[in-house]
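In: Sequence first, then the predicted structure, then my questions.
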Amino acid sequence: MGRLEGKVALITGAGSGIGRASALRFAREGAAVAAVDIDRDAAAATIAEIEREGGQAVAIRADVSTAADNEAMVARTEEAFGRLDVLFLNAGIMHPDDSDAVGTDESIWDLTMDVNAKGVFLGCKYGIPALRRAGGGSIINTASFVAVMGAATPQIAYTASKGAVLALTRELAIVHAKENIRVNALCPGPLHTELLMKFLDTPEKKQRRLVHLPMGRFGEADEMAQAAVFLASDESSYVTGTEFMVDGGLSAAYVTAE
């Protein structure tokens, strides 16, 4: 029996990166998966792979920065599977024009905050009532190591948005603890994903990250998915309000030898 057998999970940003890896991993562990992405074709590709492996899944197109799409994605999940047990609010952007406070345009700030921070707020706004109807569940919000440490390569809007996710997570965990609803922030370190590699688009930028990583490598999306399975499962039944750092030792390191 899989670690998520009988559970229904909604995962945003499921068309690529951590979201796609998690959708596949959750399905392999027995969950029915609502794969949500702003790119309908990417979400469809994810569920096609799940179905090829014998899993249950539905693809949903949603822009997480809008209330109507958040409400609809939750309703569609309950319609398809009858309940919602796990809400993995993972969708996010890292804009290539995100820089320091002086160099970042206001429109980049607003877009980043709308997707990364407001998207988590709206997901919880409409997802928490569904978790209540199921008798409780697990919310996983994708934050980042930069929410705790700051980034060596300037990305002020992204960093601020992930700090907001961390603060939202703490408060939601406290408010809903007695409702059997757990809320945790998954804080990945630098990953070998398309999102980050597009941002770290020169060897110099990549090296500025790698030099701080004790393991000497970027993490992989599937390593984050495995951490998310733990937070989604009953194995983490006494875990709520945490900064779950999965960062190759980065946050523990003052400086590396290199």
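Out: Good, I have the coordinates. Residues are numbered from 1 along each chain as shown.

In: So for the chain, the centremost residue is which one?
Out: Per C-alpha atoms, centre = their mean, the C-alpha nearest to the average position across the chain is that of Asn90, at 2.3 Å.

In: which helices and strands does the lengthiest strand in the chain pack with?
Out: The longest strand of the chain (DSSP state E) is strand 181-188. Strand 181-188 makes packing contacts with helix 119-133, strand 137-142, helix 146-149, helix 156-176, helix 221-232, strand 243-246 when contacts are defined by 3 or more C-beta pairs under 8 Å, 6 or more residues apart in numbering; DSSP states H and E. For every residue, glycine as well, the C-beta is placed using N, CA and C.

In: where are the low-confidence patches of the stretch 1-150 of the chain?
Out: Within the stretch 1-150 of the chain, no stretch falls below the threshold (pLDDT under 70).

In: give the contact list for Lys7.
Out: The contact partners of Lys7, by C-beta atoms under 8 Å, 6 or more residues apart in numbering, come to 30-32, 85-86, 232.

In: any idea how far Gln56 lies from Ala68?
Out: Using C-beta to C-beta, to the nearest Å, we find Gln56 at a distance of 26 Å from Ala68.

In: Tell me the gap between the longest strand of the chain and the middle of its chain.
Out: For strand 181-188, the separation from the chain centroid amounts to 9 Å (computed by C-alpha atoms, centre = their mean, to the nearest Å).

In: How about the contacts made by the residue lying closest to Leu131 once chain neighbours are set aside?
Out: Leaving out its chain neighbours, the residue that sits closest to Leu131 by C-beta to C-beta, 6 or more residues apart in numbering is Gly137, at 4.0 Å. Contacts of Gly137 were listed using C-beta under 8 Å, 6+ apart, and they are 84-87, 131, 180-182.

In: Equivalent analysis for Ala67, please.
Out: Contact partners of Ala67, counting by C-beta under 8 Å, 6+ apart, are 122, 125-126.

In: how does it look with 6 Å?
Out: For Ala67, the set of contacting residues under the criterion of C-beta atoms under 6 Å, 6 or more residues apart in numbering consists of Leu122.

In: measure it to Trp109 for me?
Out: 20 Å.

In: again, but for Gly137
Out: Gly137 is 32 Å from Trp109, where distance means C-beta to C-beta.

In: Repeat that for Leu210.
Out: According to C-beta to C-beta, Leu210 stands 28 Å off from Trp109.

In: swap in Thr240?
Out: With distances taken as C-beta to C-beta, Thr240 is found 30 Å from Trp109.

In: still on that earlier bit, Gln56 and Ala68: which has the busier surroundings?
Out: Gln56 (16 against 11; other C-beta atoms under 10 Å).
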